[in-house]
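>>> let me see the structure of the following:
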Amino acid sequence: MVTGASGGVGRATALAFGARGDRVALLARGREGLAAAADEVRRAGGEALVVPVDVADARAVDDAAQQVADAFGRIDVWVNNAFAGVFAPFMEIQPDEFRRVTEVTYLGYVFGTRAALRHMLPANHGTIVQVGSALAYRGIPLQSAYCGAKHAIQGFNESLRCELLHEGSRVRTTMVQLPALNTPQFDWVSSRMPGRARPVAPVYQPEVAARAIVHAAGHGRRREYWVGGSTAATLIANAVVPGLLDRYLARTGYDAQREQGEQSGIGNLWSPADGPHGHDYGAHGRFDGESLPGSAEDWLSRNRSRIGMGLLAGGLGAAVTAGLRRRA
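This next block holds a predicted model:
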């Protein structure tokens, strides 16, 4: 089950699961995007089930989980990914807007996780992947509502993980922290900034995130994955010199998130972006020309155990060779 599957990272992730021949439930509000995503999953070799739902509605999420369990027999993986945001200084974000971002981006994960656990705990099987961000650790200007929600997911997930470990459950939860990505969100997001919203460079293609999410779904024992060198650099810098990073972002964070042009005005805070427009936006945004198709850090993260074993084997081999030479 993938929430936010109608576009962006969710769309790319659903397709990546479909390419493995998986049965994929697609959850989102946008019916145009969901229908197109389902077609892509089927063409890739998977089975698709479209479930229109607003993740901020706990009862609707529970009903969606039951619908999928009835159709597919069980729920093996639940990917929490749906979000909403507002690009604006904190005092320009209205209370109802802040509440809505929190309900979708944070409580949507809480409700999705509860729905997943209702099916996974009795079976003692399953993995929940929380799609996070470098902003789950490091807040930036103009995105206070989104950053607050991502920080909340981080704390919530750690608490849940401890409880599952305490119970000896075989249900796993893991979190994937993402970098800036080339998705349609920057045309959808509500913005009060001059110019058009954009991701902070460097920008990666959504397929980079999708590969990491699919990998995490099969390796849920790992508590967290960092995707992209920029994510690793940000999280390390925030742990070591957070005050210096505050000042750096105060100087650069505004201009780094805007460019010339006018915001689309579409907005998806209160209704799906494709609703009144009848348009499928797909996985990619307008930044293909600058976006990176891969991440060395992501590859290293996904292959950490193999690299460790290789280094260990190489070290042992060198030690044995050196010992033989000394004996000779």
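
>>> going forward, measure contacts between C-alpha atoms and count neighbours the same way
OK.

>>> all strands of the stretch 51-200 of the chain, in order?
77-80, 86-87, 127-131, 172-177, 190-191, 196-197 (DSSP state E, counting those that start in this stretch).

>>> who wins for proximity to residue 153 among those?
strand 127-131 (7.9 Å; C-alpha to C-alpha).

>>> quick one: contacts of the closest one?
76-81, 109, 113, 116, 153, 157, 171-178, 213, 216-218, 220 (C-alpha atoms under 8 Å, 6 or more residues apart in numbering).

>>> buried subset of those, written for PyMOL?
Entered in PyMOL, the line below selects the buried ones among the contacts of strand 127-131, by 16 or more other C-alpha atoms under 10 Å:
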select buried, resi 76+77+78+79+80+81+109+113+116+153+157+171+172+173+174+175+176+177+178+213+216+217+220
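
>>> take the strands of the stretch 51-200 of the chain and lay them out in JSON lines including distance to residue 225.
Listed next are these as JSON lines, based on distance: least, C-alpha to C-alpha, whole Å:
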{"stretch": "strand 77-80", "distance to residue 225": "14"}
{"stretch": "strand 86-87", "distance to residue 225": "26"}
{"stretch": "strand 127-131", "distance to residue 225": "10"}
{"stretch": "strand 172-177", "distance to residue 225": "5"}
{"stretch": "strand 190-191", "distance to residue 225": "29"}
{"stretch": "strand 196-197", "distance to residue 225": "27"}
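
>>> between the ones you listed, which gets the lowest average pLDDT?
Per-stretch mean pLDDT for these is lowest at strand 190-191 (a mean of 91).

>>> just checking: what are the partner strands of it?
With DSSP bridges as the test, strand 190-191 is paired with strand 86-87 (parallel).

>>> this protein: helices as residue ranges?
Along the chain, counting by DSSP state H, helices occupy 8-18, 31-44, 58-72, 95-102, 108-123, 144-167, 185-188, 206-218, 229-240, 242-252, 296-302, 304-327.

>>> looking at the ones you listed, which is buried most?
Ranked by mean neighbour count under mean count of other C-alpha atoms under 10 Å, the helices of the chain are led by helix 8-18, which reaches a mean of 28.

>>> tell me, how many residues neighbour the nearest residue to residue 107 once chain neighbours are set aside?
Computed as C-alpha to C-alpha, 6 or more residues apart in numbering, the closest residue to residue 107 that is not its neighbour in sequence is residue 56, at 6.4 Å. A count of nearby residues for residue 56, using other C-alpha atoms under 10 Å, gives 23.

>>> now do the same for residue 56: its pLDDT.
Residue 56 is assigned 98 on the pLDDT scale.

>>> looking at the helices of the chain, which is closest to residue 273?
Nearest to residue 273, of the helices of the chain and by C-alpha to C-alpha, is helix 185-188 at 6.4 Å.

>>> any weak-confidence spans in the stretch 101-250 of the chain?
Residue ranges of the stretch 101-250 of the chain with pLDDT under 70: none are present.

>>> reformat the helices of the chain as JSON lines; add distance to residue 136.
Shown next, in JSON lines, are the helices of the chain (distance: least, C-alpha to C-alpha, whole Å):
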{"stretch": "helix 8-18", "distance to residue 136": "17"}
{"stretch": "helix 31-44", "distance to residue 136": "27"}
{"stretch": "helix 58-72", "distance to residue 136": "23"}
{"stretch": "helix 95-102", "distance to residue 136": "13"}
{"stretch": "helix 108-123", "distance to residue 136": "13"}
{"stretch": "helix 144-167", "distance to residue 136": "4"}
{"stretch": "helix 185-188", "distance to residue 136": "18"}
{"stretch": "helix 206-218", "distance to residue 136": "16"}
{"stretch": "helix 229-240", "distance to residue 136": "9"}
{"stretch": "helix 242-252", "distance to residue 136": "14"}
{"stretch": "helix 296-302", "distance to residue 136": "18"}
{"stretch": "helix 304-327", "distance to residue 136": "22"}
